[in-house]
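> quick one: sequence plus predicted model below, questions after.
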Amino acid sequence: MTDNTILIKDTLILNPSDFKEIKGSLLIKNDKIAEIDTDIDESNVDKVIDGKGKILLPGFVNTHTHLSMTLFRGLADDLSLDSWLNDNIWPMEANLTSEYCYIGALLGAIELIKSGTTTFSDMYFYMEDVAKAVEESGIRAVLSYGMIDFGDDEKREHEIKENIALFEKCNGMADGRIKVFFGPHSPYTASKDLLEDVRWLANEYNTGIHIHVSETQKEINDSLEAHDLRPFEYLDSIGFLGPDVVAAHSVWLSHNEIEIIKRNNVKISHNPCSNMKLASGIAPIQDLITNDICVGIGTDGASSNNNLDLIEELRTASLLQKVNLLNPKALTSNEALAMGTIRGAEVLGLEQEIGSIEVGKKADLILIDTNNANMVPDSSATSSNIIYSANGYNVDTTICNGKILMENKKLTTLDEEEIYKKARKAIEELKEARK
Ligand SMILES: CSC[C@H]1O[C@@H](n2cnc3c(O)ncnc32)[C@H](O)[C@@H]1O
Ligand SMILES: [Zn+2]
């Protein structure tokens with residue numbers, strides 16, 4: 001079989017693992033980066049992309065989302081987490097079907113690809129249908145089934161069976177673009193037995209765990225009441241934590257909990273827009289980074305954000321730390337860019353494959369077009385122009401696993417209009433079913 005080659009020529013390559021900039025070209029061979037040089041011969045190359053006036057970056061990594069929830073965008077705004085979830089989202093989710101989750105995931109995949117995200121980590125229901133959307137769209141994903149048992153033994157067994165079935169069916173699927181984690185929803189919805197079973201299963205299957213932790217003050221108070229311990233103290237006390245645990249939100253942390261996170265090498269997914277919109281709080285991200293804790297970025301679902309634009313999420317993360325600490329040097333544009341790429345890859349245990357631009361790594365790459373009003377002039381450092389000035393709409397090309405998913409803003413794998421039509425119909429039906 002002959003190699004499939006793509007040359008991205010005459011571009012500005014910015015590698016967030018060392019922030020070195022190269023003016024030159026990059027050659028993709030099949031699914032991997034094959035060569036990076038100031039000049040690469042373009043004869044015998046299957047496809048040439050002109051990168052002039054563009055910045056080449058690794059694709060962004062969204063470490064916490066619920067892709068099918070894109071259907072619920074704008075459905076329940078201006079609410080606290082408690083009321084958003086209990087009175088609005090859970091009643092809507094009761095009527096979800098595999099088809100709705102599939103359409104919601106396709107809708108989300110369009111938004112991810114268009115705004116430069118090539119990998120996302122998801123915890124939700126009907127995950128085999130999300131896997132189907134991942135396979136068809138060409139994106140990369142870490143999928144987990146969201147397990148909730150509220151202490152019910154029968155439910156626990158069912159939830160565990162679902163996540164194991166997902167692992168057995170989908171781990172390694174889509175040419176290896178899909179990995180499966182275990183997804184206990186949170187310490188307040190998953191019993192101690194379920195959390196202990198998940199810890200054992202993650203070791204047995206040699207995979208990761210995706211969980212919401214310490215999102216609101218209410219969660220801290222409830223945990224203190226139930227266990228006399230804060231959420232991370234409780235998870236530590238039952239031996240749940242480890243380097244394979246990805247804790248979303250992690251907003252309300254005591255000094256002792258930061259120590260616990262560090263000691264267990266737990267990975268954090270920071271979700272600033274969702275935390276702001278639900279008025280949950282401000283996570284101590286600068287503190288975590290200073291403590292050498294690995295922090296990636298995530299949007300959470302589009303129902304609590306309300307979009308999946310990681311450039312906007314990184315900008316918000318940076319500005320929020322600055323204003324919270326009254327320190328303009330907090331979460332710099334370099335730190336934010338790393339958080340959206342190489343740190344995100346580390347959070348998901350994928351740093352050997354993705355997250356930076358290096359020969360031998362997977363060709364998950366994006367081009368940002370600087371010839372847009374909001375990016376001219378580019379007198380600042382390149383990372384500053386991306387984090388402080390750009391947004392997802394400036395992405396014009398997205399490549400995942402060596403395959404072009406969007407070129408010059410045109411999607412190659414998904415039919416936008418068709419999916420928008422189906423998504424509009426799906427949410428109307430779901431709203432009708434709730435009445
Ligand atoms: C059991 S599948 C995932 C479950 O999580 C819900 N969810 C979405 N966003 C949040 C959040 O910020 N905190 C807690 N739970 C969240 C989602 O609606 C599903 O029910
Ligand atoms: Zn979430």
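Good, I have the coordinates. Ligands and ions are numbered 1, 2, ... in the order given.
> what's the local residue count around Gly176?
Gly176 has 13 neighbouring residues, counting by other CB atoms under 10 Å. From N, CA and C alone the C-beta is placed, and that goes for glycine too.
> that one belongs to a strand?
No - going by DSSP: H, G, I helix; E, B strand; the rest coil, the assignment for Gly176 is coil, not a strand.
> got the residues of the stretch 1-150 of the chain near ligand 1?
His66, Leu81, Leu85, Ile89, Glu93, Met123, Tyr124, Phe125, Gly146, Ile148 (CB under 6 Å from any ligand atom).
> can you give me the neighbour number for the nearest residue to the fifth one once chain neighbours are set aside?
Using CB to CB, 6 or more residues apart in numbering and skipping residues adjacent in sequence, the residue nearest Glu93 is Phe125, 7.1 Å away. Using other CB under 10 Å as the criterion, Phe125 is surrounded by 18 other residues.
> equivalent analysis for Asn408, please.
Residues near Asn408, counting by other CB under 10 Å: 9.
> look at the residue lying closest to it once chain neighbours are set aside and give its secondary structure.
Nearest non-adjacent residue to Asn408, counting by CB to CB, 6+ apart: Asp396, 5.7 Å away. Put simply, Asp396 is strand when judged by three-state DSSP.
> for Asp396, give me the pLDDT.
Per-residue confidence at Asp396 stands at 98 (pLDDT).
> OK, contacts around it?
Residues in contact with Asp396 (CB atoms under 8 Å, 6 or more residues apart in numbering) are Lys54, Leu367, Ile368, Asp369, Met406, Glu407, Asn408, Lys409.
> show me where the stretch 51-200 of the chain has helices.
81-83, 90-93, 98-114, 127-137, 153-170, 192-205 (DSSP state H, counting those that start in this stretch).
> show me what from the stretch 151-300 of the chain comes close to ligand 1.
His185, His212, Glu215, Ser274, Asp300.
> how about a cut-off of 5 Å?
His185, His212 (CB under 5 Å from any ligand atom).
> and the gap between the residue nearest to Asn408 and Leu411?
12 Å (CB to CB, to the nearest Å).
> which one of the contacts of Asp396 is nearest ligand 1?
Met406 (26.9 Å; CB to the nearest ligand atom).
> helix/strand/coil for that closest one?
strand.
> now do the buried residues in stretch 94-108.
Leu96, Tyr100, Cys101, Tyr102, Ile103, Gly104, Ala105, Leu106, Leu107, Gly108 (16 or more other CB atoms under 10 Å).
> now the third one: how far from ligand 1?
So the one you mean is Cys101. Here the criterion is CB to the nearest ligand atom, to the nearest Å. By it, Cys101 lies 11 Å from ligand 1.
> count of neighbours near the residue of the stretch 1-150 of the chain found nearest ligand 1?
At 2.1 Å from ligand 1, Gly146 is the closest residue in the stretch 1-150 of the chain, using CB to the nearest ligand atom. Gly146 sits with 23 neighbouring residues when counted by other CB under 10 Å.
> contact partners for it?
Gly146 touches His66, Met123, Tyr124, Phe125, Gly183, His185, counting by CB under 8 Å, 6+ apart.
> check Ser137 too.
Contacts of Ser137 (CB under 8 Å, 6+ apart): Leu106, Ala109, Ile110, Ile113, Leu405, Thr413, Leu414.
> repeat for Ile148
With CB under 8 Å, 6+ apart, Ile148 has these contacts: Lys155, Glu159, His185, Thr189, Ala190.
> go with 7 Å
The contact partners of Ile148, by CB atoms under 7 Å, 6 or more residues apart in numbering, come to Glu159, His185, Thr189, Ala190.
> one more: Ile386?
Ile55, Ile311, Leu337, Ile368.
> helix, strand or coil for it?
Once three-state DSSP is applied, Ile386 turns out helix.
> is Leu314 in contact with Glu335, as I believe?
No - in this structure Leu314 lies outside contact range of Glu335 using CB atoms under 7 Å: 9.5 Å.
> neighbour count winner among the two?
Leu314 (27 against 21).
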